[in-house]
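**Student:** Generate coordinates for the sequence data below:
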Amino acid sequence: ETTTHSKKKIINLQGKKMIDTNGGFLLEDDPPAQKILPEEDFTLESRTCLECAKEFISSYLLTHFDYPVCDGCKDSEEKHSLITRTEAKCEYLLKDVDLDKREPPLKFINRKNPHNSNWGEMKLYLHLQVEQRAIEVWGSLDKIKAALNSREEKRVKTKSKMYNKKLKALRMAVRSSLYNKTSSSGTHVHEYGEESYNEEEDNYSRTCEKCGFVEMFEKL
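**Tutor:** Model (predicted):
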């Protein structure tokens, strides 16, 4: 059914009034009113700064480390300084699982390595959060210090032991060389007495009864 109203051509189509636009398509004569959606509440939750106790909405430390301190109180040089992942593991004896798996995982930011831009990016953590995590793992900072001292003592002992072994091997090589030269000349052949054990240096020695030459050696 087609009617004309105010120079508009109205077509009844399946119970709906449609306007013929003469452009190849139809429009509803009385389109349904658009639904008005309720306004969403975009109110941001405020936080209280741990330093000044003032409320704030957003800050650098809150955004990147979930640490509630406002930008005005941020102390990048001291209290809120950053520490690399490598330093955190070495200075506080933390493992990857302590940083990544223990709840809550510590947040970090990525930064280019200042020593070489071609190297991988550094992971930087909030120093005080790393220290707090270390206390959770070890129990106290004193225990961490004791563990660090113990590891350093072991490292020094191992290094000293390796040095002494090399020095001992060098001495034995020199004395063996002197012995070989003397023997090949035919002028003297060592005649050794009884061997003795040096507990401090963990080796044995014997002395030539003719010339006093001391040969040092080890036994397997």
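
**Student:** got a list of what the one residue sitting closest to the centre of the chain touches?
**Tutor:** For the chain, R85 is the residue whose C-alpha lies nearest the centre (C-alpha atoms, centre = their mean; 2.4 Å). R85 makes contact with L99, F108, M122, K123, L124, Y125, according to C-beta atoms under 8 Å, 6 or more residues apart in numbering. Just so you know, the C-beta spots here come from the backbone N, C-alpha and C atoms, and that holds for glycine as well.

**Student:** Backbone dihedrals for it, please?
**Tutor:** phi -60, psi -40 (degrees, to the nearest 10).

**Student:** quick one: it and M162, what's the gap?
**Tutor:** 30 Å (C-beta to C-beta, to the nearest Å).

**Student:** same check, this time on C90
**Tutor:** C90 is 22 Å from M162, where distance means C-beta to C-beta.

**Student:** Any idea how many residues pack against the closest residue to F56 other than its chain neighbours?
**Tutor:** Spatial nearest neighbour of F56, excluding adjacent residues (C-beta to C-beta, 6 or more residues apart in numbering): C70 at 4.3 Å. Using other C-beta atoms under 10 Å, C70 has 21 neighbouring residues.

**Student:** Distance check, C70 against C52.
**Tutor:** In terms of C-beta to C-beta, C70 sits 7 Å off from C52.

**Student:** Show me which residues of the helix or strand harbouring Q132 are buried.
**Tutor:** Q132 belongs to helix 127-138 when assigned by DSSP states H and E. Neighbour-count burial for helix 127-138 flags H127, Q129, V130, E131, R133, A134, V137, W138 (criterion: 16 or more other C-beta atoms under 10 Å).

**Student:** isn't the fifth one right up against V97?
**Tutor:** No. Using C-beta atoms under 8 Å as the test, R133 is too far from V97 to be in contact (11.2 Å).

**Student:** And T187, what's its pLDDT?
**Tutor:** As predicted, T187 sits at a pLDDT of 67.

**Student:** scratch that, K112
**Tutor:** Value for K112, per-residue pLDDT: 88.

**Student:** Same check on the one 10 residues further on?
**Tutor:** At M122, the model reports a pLDDT of 92.

**Student:** Phi first, then psi, for it.
**Tutor:** phi -90, psi 150.

**Student:** Count the neighbours of it for me.
**Tutor:** M122 has 18 nearby residues by other C-beta under 10 Å.

**Student:** Show me the beta-bridge partners of it.
**Tutor:** Beta bridges link M122 to R111 when assigned by DSSP bridges.

**Student:** Got phi/psi on S58?
**Tutor:** phi -150, psi 150.

**Student:** okay, now it: neighbour count?
**Tutor:** That count, for S58 with other C-beta under 10 Å as the rule, works out to 11.

**Student:** So for it, what's the nearest residue that isn't a sequence neighbour?
**Tutor:** In space, S58 is closest to L44, 7.6 Å off (C-beta to C-beta, 6+ apart).
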